[in-house]
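>>> Here's my sequence, what's the structure:
(chains A and B)
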There are 2 protein chains.
Amino acid sequence: MSFYNFDNTNPEEEDIHYMKLALEEAKKALAEDEIPIGAVIVSKNRIIGRGYNLTEKFNDVTAHAEMQAFTSASQTIGGKYLRDCTLYVTIEPCVMCAGASYWTQISRIVYGAREEKRGFISKNVNLLHPKTILKGGVLVNECAALMKDFFAKKR
Amino acid sequence: MSFYNFDNTNPEEEDIHYMKLALEEAKKALAEDEIPIGAVIVSKNRIIGRGYNLTEKFNDVTAHAEMQAFTSASQTIGGKYLRDCTLYVTIEPCVMCAGASYWTQISRIVYGAREEKRGFISKNVNLLHPKTILKGGVLVNECAALMKDFFAKKR
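Numbering: from 1, shown residues only, chains lettered A, B, ... in the order given. The predicted structure follows:
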């Protein structure tokens, strides 16, 4: 758990702070040679869930950063609904993760960079729960750069 | 693991056989007072993955039958792609599970009953991987009856 005292008068600053923590998660994925995507889930200025992509290590397509963050947040609060929570994720979620977020009824999703090809927005932006507010573009350059560097080295 | 000798001349019979096993998984969910949905994944006449809905027990929206079946199948074969596999699931998958199936590149999905409201088809039937063949309506009455009985008792 971490705690950071926001006065809630500057949501932009708050979003940048938590996206930096999601980037720290993404860097853990990078260190394990995984596609560098990271996520944190925040409720009332507390981190209640974290995750980073581990699909290769676990040989499991369901091991996306967001999925692990949903599971860990639910364990933290002892309930499957994340109604007063925000998911921060470095890259726009895929259809699976958007579909999982639907079931959690999460209040807000904040992502860094778009994922034009595999992200859920190009499929159907209405895959999210009607109560979920979506915001993109927070630390977009940092989030995108991690991915670009990773794939450039793979080529 | 289970094995059943099909001659592959009667795919309908094969589908009914495996859907019965998915129904057995659904009944395990029912016995734990969970929404009764079950799944099995089959590769070359072998069951390589199973799962049943455990979202309440685990307080985790990601604990759908299909998700657990994907994870267990991947562990069985030691790889995340399920290219020569069929998922049998008693109820039409939701967006999350359809999105997960995309990443597995699974060859075939066979479901029992439609889920008009929460199923992926009403959102966008193209959420599946282009290589995935979809078939519905196998043992539809048995699959639907389990759900109807469950929700009738909850009211």
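>>> Kindly report the residues of chain A close to chain B.
Contact residues, chain A versus chain B (C-beta under 8 Å from any C-beta of the partner chain): A:55-56, A:58-62, A:67, A:70-71, A:74-75, A:78-80, A:94-100, A:102-104, A:120, A:123-124, A:126-127. C-beta coordinates here come from the backbone N, C-alpha and C atoms, glycine included.
>>> in chain A, which spans are helices?
A:11-31, A:55-58, A:65-77, A:95-104, A:140-154 (DSSP state H).
>>> any low-confidence regions in chain A?
Judged against pLDDT under 70, the low-scoring parts of chain A cover residues A:1-11.
>>> follow-up on the earlier one: drop anything exposed from the residues of chain A next to chain B.
Buried members of these, counted by 16 or more other C-beta atoms under 10 Å in any protein chain shown: A:55, A:58-62, A:67, A:70-71, A:74, A:80, A:94-100, A:102-104, A:120, A:123-124, A:127.
>>> Centre-most residue in chain A?
Against the mean C-alpha coordinate of chain A, by C-alpha atoms, centre = their mean, the closest residue is residue A:89 at 2.2 Å.
>>> so what's the closest residue to that one other than its chain neighbours bridging to?
Distance criterion C-beta to C-beta, 6 or more residues apart in numbering or on different chains; nearest residue to residue A:89, sequence neighbours excluded, is residue A:39 at 4.2 Å. Beta-bridge partners of residue A:39, counted by DSSP bridges, are residue A:51, residue A:89.
>>> Quick check: residue A:39 touching residue A:65?
Yes - between residue A:39 and residue A:65 there is a contact at 4.0 Å, judged by C-beta atoms under 8 Å.
>>> what's the overlap in contacts for the two?
Common contacts of residue A:39 and residue A:65, defined by C-beta atoms under 8 Å, 6 or more residues apart in numbering or on different chains, comprise A:22, A:25, A:51, A:52, A:89, A:90.
>>> Tell me who's in contact with the second one.
By that I understand residue A:25. Here residue A:25 is in contact with A:38, A:39, A:40, A:50, A:51, A:52, A:65, A:90 (C-beta under 8 Å, 6+ apart).
>>> will you turn the residues you listed into CSV that also has distance to residue A:151 and neighbour count?
Formatted as CSV, the contacts of residue A:25 follow (distance: C-beta to C-beta, whole Å; neighbours: other C-beta atoms under 10 Å in any protein chain shown):
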residue, distance to residue A:151, neighbour count
A:38, 16, 30
A:39, 19, 31
A:40, 23, 28
A:50, 24, 22
A:51, 21, 27
A:52, 17, 27
A:65, 17, 31
A:90, 14, 31
